[in-house]
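Engineer: A predicted structure for the sequence below; I have some questions about it.
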Amino acid sequence: TAPTPMPCDVGKYSPSKNSTACTDCDAGKYANSFGSTTCTDCGVGKYANSARSTTCTDCDAGKYSPSTGNAACADCAAGKYWPGKVAVACIDCGVGTYTPSTGSTTCTICDAGKYSPTGSVTCTAPTPMPTAFPTDFDKATIAVSVVMTTDQSTVSNSQKATLKTSIAAASSVNEADINDFSVVISSARRRLLAEFDMPQRRLASYTWTVTCKVVSSLNSVGQPSADAFSAAITSSLQANFATAVSDNMGITVVVSSITATDTSRDTASNTPPVAAPTTTKSKPADKGLSAGMILGLINTLAIGTSIFIYIYHRRARNLLTHDGIMAKLERLGELNQKGLVSEKAFSKQVTYWNDQLEAGALAGAAPR
């Protein structure tokens, strides 16, 4: 008589009829019942490190198993941790904490005077402030303009040099800090010499526009800001320039305006050219919506409503997808580390959500 067929033992399987022997389940798989025709992958957060397994083992604290069918759990990377068992992913160390080693179950708080961003493997001391600043770290550029009238119709190079010296002296800056110096003389006009009690004579009067740029470090001139530097130059020129020109050049001038403007942050204008106006033919006023337009609006609203309902239900269905459950597990880990959830509740919740992940994997649900 033919031998009586025997069912495969636990940890073994026979995938087809007429088999003469049973096959051991591979590592990472298990069979927990007699007569199995296939082996089952270990779920996420679990492993089976040997063949012919009848069950899977939870990953230890500090380790994780992100997929099914694993023969071993991986250590959490440096800068990450996991405080409990059955981990599918590790959590970054929070701000102000760190862990330099792999397989960590907790993170270490940074020492006083040090800091760290999330996921750090070490803490860093802040960069110390320099004990002395360079003299040109805060250069300011001040555009200076002085408009004055005098009876001089021309200006020589030596007079320009003297004017430059006078501006430097009157504004209390170094002459080497004055750049782009220029003098422009406008056309003459005549005025009465009333101050000399000679109304019968008229004297030609000329307008000189002196412009330059003062480039200097705020630290070197003792000013807190470029605006304050501009105001100081304006005030000093108004008080001293006319006297300085008279003393240095021997000519009398009447200053009509003095301006000093901060141009340190000026940039080229990127304003697009204004388009020329175009002439369009006027259209007759609309007489209202036609029946076709109303029907089109109704159809558009109906399609938009359908799309909204589809997206709403789609998002609701995806709340418990792979990523959603992973987020819940990470949050549980954070609460556990802070002592805000009991070990019993933590273990129960982790087991439940990992069962949900395993059920989704066995059903062939694609991770999202």
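Structural biologist: Yes, it's here.
Engineer: for the stretch 251-368 of the chain, give me the ranges with low pLDDT.
Structural biologist: Counting by pLDDT under 70, the stretch 251-368 of the chain contains low-confidence residues at 265-293, 295-296, 299-300, 302-323, 341, 357-368.
Engineer: the residue nearest to Gly11 when sequence neighbours are not counted: what's it in contact with?
Structural biologist: Leaving aside its chain neighbours, Gly11 sits nearest to Arg52 (3.7 Å; criterion: Cβ to Cβ, 6 or more residues apart in numbering). Heads up, the C-betas are built off the backbone N, CA and C, glycines and all. By Cβ atoms under 8 Å, 6 or more residues apart in numbering, the contact list for Arg52 reads Gly11, Lys12, Asp24, Cys25.
Engineer: which one of the residues you listed has the most neighbours?
Structural biologist: When neighbours are counted by other Cβ atoms under 10 Å, Cys25 leads the contacts of Arg52 with 26 neighbours.
Engineer: quick check: it touching Val10?
Structural biologist: No. Using Cβ atoms under 8 Å, Cys25 makes no contact with Val10, being 9.2 Å away.
Engineer: shared neighbours of the two, anything?
Structural biologist: Between them, Cys25 and Val10 share the contacting residues Ala31, judged by Cβ under 8 Å, 6+ apart.
Engineer: go ahead and flag the most central residue of the protein.
Structural biologist: Pro117 (14.5 Å; Cα atoms, centre = their mean).
Engineer: three-state assignment of it?
Structural biologist: coil (DSSP: H, G, I helix; E, B strand; the rest coil).
Engineer: which ones are touching it?
Structural biologist: So Pro117 contacts Val95 (Cβ under 8 Å, 6+ apart).
Engineer: which per-residue confidence value corresponds to it?
Structural biologist: We have a pLDDT of 92 for Pro117.
Engineer: what are the boundaries of the strands in the stretch 201-350 of the chain?
Structural biologist: Ranges of strands in the stretch 201-350 of the chain, per DSSP state E, counting those that start in this stretch, are 254-262.
Engineer: so for stretch 104-112, what gets flagged as buried?
Structural biologist: Residues of stretch 104-112 classed as buried by neighbour count (16 or more other Cβ atoms under 10 Å): Ser104, Thr105, Cys107, Cys110.
Engineer: quick revisit: switch the contacts of Arg52 over to JSON lines; also include pLDDT, secondary structure and distance to Pro83.
Structural biologist: Output for these, formatted as JSON lines (pLDDT from 0 to 100; DSSP: H, G, I helix; E, B strand; the rest coil; distance: Cβ to Cβ, whole Å):
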{"residue": "Gly11", "pLDDT": "90", "secondary structure": "coil", "distance to Pro83": "32"}
{"residue": "Lys12", "pLDDT": "93", "secondary structure": "strand", "distance to Pro83": "37"}
{"residue": "Asp24", "pLDDT": "93", "secondary structure": "strand", "distance to Pro83": "35"}
{"residue": "Cys25", "pLDDT": "93", "secondary structure": "coil", "distance to Pro83": "31"}
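Engineer: for the stretch 1-150 of the chain, give me the ranges with low pLDDT.
Structural biologist: Using pLDDT under 70, the stretch 1-150 of the chain drops low at 1-3, 129-137.
Engineer: ok, 50 please
Structural biologist: Scanning the stretch 1-150 of the chain for pLDDT under 50 picks out 133, 135.
Engineer: so which residues of it form strands?
Structural biologist: Using DSSP E, counting those that start in this stretch, strands in the stretch 1-150 of the chain cover 12-13, 23-24, 29-30, 40-41, 46-47, 57-58, 63-64, 74-75, 80-81, 91-92, 97-98, 108-109, 139-150.
Engineer: done for today, thanks.
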